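> Quick one: sequence plus predicted model below, questions after.
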Protein chains: 4
Amino acid sequence: MATLTFEKELTALLLVDPYNDFISEGGKIWGHIKGVAEANNCVPNMLRTLGAARKAGLHVFYAMHHRYRPGDYESWNYIAPIQKAAMKSKAFEYGTWGGEIRAELATQPGDIVAQEHWGSSGFANTDLDVLLKRHGVHRLIVIGLIAHTCVESTVRFAAELGYEVTVVKDATADYSHEFMHAALVANLPSYANAVVTTDEVMESISSIHNL
Amino acid sequence: MATLTFEKELTALLLVDPYNDFISEGGKIWGHIKGVAEANNCVPNMLRTLGAARKAGLHVFYAMHHRYRPGDYESWNYIAPIQKAAMKSKAFEYGTWGGEIRAELATQPGDIVAQEHWGSSGFANTDLDVLLKRHGVHRLIVIGLIAHTCVESTVRFAAELGYEVTVVKDATADYSHEFMHAALVANLPSYANAVVTTDEVMESISSIHNL
Amino acid sequence: MATLTFEKELTALLLVDPYNDFISEGGKIWGHIKGVAEANNCVPNMLRTLGAARKAGLHVFYAMHHRYRPGDYESWNYIAPIQKAAMKSKAFEYGTWGGEIRAELATQPGDIVAQEHWGSSGFANTDLDVLLKRHGVHRLIVIGLIAHTCVESTVRFAAELGYEVTVVKDATADYSHEFMHAALVANLPSYANAVVTTDEVMESISSIHNL
Amino acid sequence: MATLTFEKELTALLLVDPYNDFISEGGKIWGHIKGVAEANNCVPNMLRTLGAARKAGLHVFYAMHHRYRPGDYESWNYIAPIQKAAMKSKAFEYGTWGGEIRAELATQPGDIVAQEHWGSSGFANTDLDVLLKRHGVHRLIVIGLIAHTCVESTVRFAAELGYEVTVVKDATADYSHEFMHAALVANLPSYANAVVTTDEVMESISSIHNL
């Protein structure tokens, strides 16, 4: 599979919303995705992919959802349903544990954390695109949450913006198997150049050493 | 439903890709979507919605996919799967009937046709956003094709960019009921403020006269 | 002058980079712009304009430059000269007084602070555009620093994005009169719908009460 | 000068608005810029730079201003001064000689022509950025018209979007020496990594053969 040969200088791993509220025991949303996440082995696979990327010296980028702060939305004239939900759930509340990156997935010096995104795409109204360009990145390996919202929107935007994307299908999760299926099977194959397993992506990443 | 009260000055109808190749007998892709389109009464519903919008004096915008021209993609280093497919199918070929808007849905003086989009979102790399702003539009009523690709991407982008969106669920179509379900049921309710029928949207549009 | 009739719901005041490093005694860059700033009565005019906007109930937005943090640029393959300068000067260093908003111009509850910008435009790679749209804003009154860099780029981007802009020419400053002249006289009249004095803008803002 | 070593695969020549209306005898605007253009040897230098780029096999991109069509602006609620001027002058009128590229600078197969821009930046609301990314371009050599409007806006946007830019200062022109000075001396050195002569850029381009 041609797109699974990664050139180190052109490729970055992109973690989407690895917040405690999503993927840690006790997180606000964890209870709603736990079934699918555990069936998919999502968190261990995120850790394995991140470990492989770090070992290979790939750039590591983080696309983080807006962390809730009081007063965020009250003055808006126009709002999307997913933002109304965030307003109500106070997901990823700023200053709380739920709004922190799960500890094992934490940033290391040299990682790039893009500005927080208000909707679902890590690219929309943030500096993710320019930071990727400043580093010469053209290919993304995407892992994280939620498959049919932030992951899918981020991949759709990436494709529109000119990036080639590999989605790691067992390093994500969703509220139901139906939602995840909509993202991984119905939609993402049109926008992601490859939708692969953690084992497959790790094999490709590890071969970077030999280039 | 609050979002179905449309203020004339703030609202536009947006037609996504009403090309002959998609929705006219003899079009390149029509054969692949005909079953779902006819079950959904897609084309008649597009016509009814457009007619109601014109009668109410709403702005009418068109978001048109890139029409294939020889040599479009050959020099690209990076390409998305959906673009590889367009390259192969020569969909909406420039200068052919398939690359024209279906006659009954044709533009009229005063309509706005945005620059062609290379991917699926009518907003990505086009002037659609600025033209909406130049007209003071904040709410979109979206009809057209294909539900899980261009319609969904256009709606996801619209929500990220700050628009409130109503999707008309029986004025669209897809390759399969499963794909359309992924768009209309799994995904769009997070990004569209309303997902309604043609009858419902027409009733709301017609009430604009009385404001 | 038609554009100086401001509709309250459509208009926001936008402060560009009101950092201590720029406009407070002891700021890193203040010494370089003090002559022009004082000749222009820049800071008092910024305060007067902000006061008038608050009294009239206008939305108040802040476009803030990236605050320097160690390691920001070292991994970049591509960089602009103005960013090299920021890397060297450590302007608006995060966690320092220079990287704070001048006290009298500080935010109040309900103000909107956009994500920090890496270059000169308050719109580039930030959420400024979407936050303006979420509030229904179409007209901007722009004050702040530096006239020929961040103010001019922000106004050029605003015009491209569809906003109508009023620049307050004596509520800005620059490194030299020549630079400020390049911005205010040569360039901005093509992009700003009005370039006016603080007295003029205050008169227009105060008339909002009577609408 | 480090930035004048161009890697062939990463570099493109970008021509901004090489319309007959700007730079050909009989063009609508030629009379207004002829003095500065001829003093700068603008057109011959554009030809020399383009010739060198073609010989070296560089990608050649065109950023073309919106060509006037009747009814373009009449329905807009919000408009920028430079667009009001275009509405009045009917510059680059669609279907006329003035709205064609000057013959010697015409496109050749393989060149990329971005969507027309409504304002001054070749990037704003067009596909220029994505087409550059699809080709892996990170460095731009910019020539064309007008220095303080479209050239400067295009360079400012390029820098914000992550590109490194070389401006060829004697392959541009303006309405007055003062305007051109504002662009080339006051403003562009903050955004362009190099501002050089045609002789200098040609020497750098020709050295690409030896890499």
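It's in.

> Which parts of chain A are helices?
Along chain A, counting by DSSP state H, helices occupy A:20-23, A:30-40, A:42-56, A:81-89, A:128-134, A:152-161, A:177-181, A:198-206.

> from the chain's centre, how far out does the strand ranked longest in chain A sit?
Counting by DSSP state E, the longest strand found in chain A is strand A:164-172. Averaging C-alpha positions (Cα atoms, centre = their mean, to the nearest Å) puts strand A:164-172 9 Å from its chain's average.

> Check stretch A:22-32 too.
16 Å.

> circling back: name the stretch among the helices of chain A that sits most buried.
helix A:152-161 (a mean of 28; mean count of other Cβ atoms under 10 Å in any protein chain shown). The way it works is simple: take the backbone N, C-alpha and C, and place the C-beta from them, glycine included.

> pull the CA atoms of that one into CSV?
Extracted in CSV, the C-alpha atoms of helix A:152-161 (Å, rounded to 0.1, in the frame of the first residue of the first chain):
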residue,chain,number,x,y,z
GLU,A,152,-14.0,12.7,10.8
SER,A,153,-14.2,16.5,10.6
THR,A,154,-10.5,16.8,11.0
VAL,A,155,-9.8,14.3,8.3
ARG,A,156,-12.4,15.9,5.9
PHE,A,157,-10.7,19.3,6.5
ALA,A,158,-7.2,17.8,6.1
ALA,A,159,-8.1,16.4,2.7
GLU,A,160,-9.7,19.7,1.6
LEU,A,161,-6.5,21.5,2.7
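
> Now that residue A:158 has come up, it's in contact with residue A:165, right?
Yes - at 5.0 Å, residue A:158 counts as touching residue A:165 under the criterion of Cβ atoms under 8 Å.

> which residues do the two both contact?
A:140, A:142, A:191 (Cβ atoms under 8 Å, 6 or more residues apart in numbering or on different chains).

> Specify the beta-bridge partners of residue A:63.
Beta bridges link residue A:63 to residue A:16, judged by DSSP bridges.

> so who does the closest residue to residue A:173 other than its chain neighbours touch?
What sits nearest to residue A:173 in space, not counting adjacent residues and going by Cβ to Cβ, 6 or more residues apart in numbering or on different chains, is residue A:37, at 3.5 Å. Counting by Cβ under 8 Å, 6+ apart, residue A:37 touches A:23, A:30, A:43, A:173.

> Please apply the same query to residue A:201.
Contacts of residue A:201 by Cβ under 8 Å, 6+ apart are A:4, A:49, A:52, A:141, A:166, A:168.

> Surely the last one is in contact with residue A:192?
This means residue A:168. No - with contact defined as Cβ under 8 Å, residue A:168 does not reach residue A:192; the gap is 9.9 Å.

> shared neighbours of the two, anything?
Residues touching both residue A:168 and residue A:192 (Cβ under 8 Å, 6+ apart) are residue A:142.

> what bridges to residue A:12?
residue A:59, residue A:140.

> Roughly how far does it sit from residue A:165?
11 Å (Cβ to Cβ, to the nearest Å).

> Now list whatever residues contact both of the two.
A:139, A:140, A:141.

> export those to JSON lines and tack on pLDDT and neighbour count?
Output for the shared contacts of residue A:12 and residue A:165, formatted as JSON lines (pLDDT from 0 to 100; neighbours: other Cβ atoms under 10 Å in any protein chain shown):
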{"residue": "A:139", "pLDDT": "98", "neighbour count": "21"}
{"residue": "A:140", "pLDDT": "98", "neighbour count": "27"}
{"residue": "A:141", "pLDDT": "98", "neighbour count": "28"}
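
> between these, which is nearest residue D:60?
residue A:139 (25.5 Å; Cβ to Cβ).

> Spatially, what comes nearest to the closest one if we skip its sequence neighbours?
Residue A:139 sits nearest to residue A:11 (Cβ to Cβ, 6+ apart), 4.4 Å away.

> Next one, pLDDT for the one you found please.
If you check residue A:11, the pLDDT there is 97.

> Ok, residue A:1 next?
At residue A:1, the model reports a pLDDT of 45.

> okay, now the nearest residue to residue A:41 once chain neighbours are set aside: neighbour count?
By the measure of Cβ to Cβ, 6+ apart, the closest residue to residue A:41 outside its immediate chain neighbours is residue A:170, 6.0 Å from it. Using other Cβ atoms under 10 Å in any protein chain shown, the number of residues around residue A:170 comes to 22.

> Report the contact partners of residue A:170.
The contact partners of residue A:170, taken as Cβ under 8 Å, 6+ apart, are A:40, A:41, A:42, A:45, A:197, A:198.

> Show me which pair in those residues is furthest apart.
A:42 and A:197 (12.1 Å).

> Which residues belonging to stretch A:11-30 are considered buried?
Using 16 or more other Cβ atoms under 10 Å in any protein chain shown as the test for burial, stretch A:11-30 gives A:11-24, A:27-30.

> My read is that residue A:166 contacts residue A:155, right?
No - if you go by Cβ under 8 Å, residue A:166 and residue A:155 don't touch, sitting 9.6 Å apart.

> pLDDT weak spots in chain A?
A:1-3, A:209-211 (pLDDT under 70).

> Which residues of it lie near chain C?
Proximity of chain A to chain C (Cβ under 8 Å from any Cβ of the partner chain) is limited to residues A:59, A:71, A:75-79, A:109-110, A:112, A:115-116, A:118, A:124-127, A:129-130, A:133-136.

> out of the contacts of residue A:37, who's nearest residue A:207?
residue A:43 (24.9 Å).

> mind checking how far the residue nearest to that closest one when sequence neighbours are not counted is from residue B:83?
Leaving aside its sequence neighbours, residue A:43 sits nearest to residue A:23 (Cβ to Cβ, 6+ apart; 5.4 Å). Distance of residue A:23 to residue B:83, computed by Cβ to Cβ: 33 Å.
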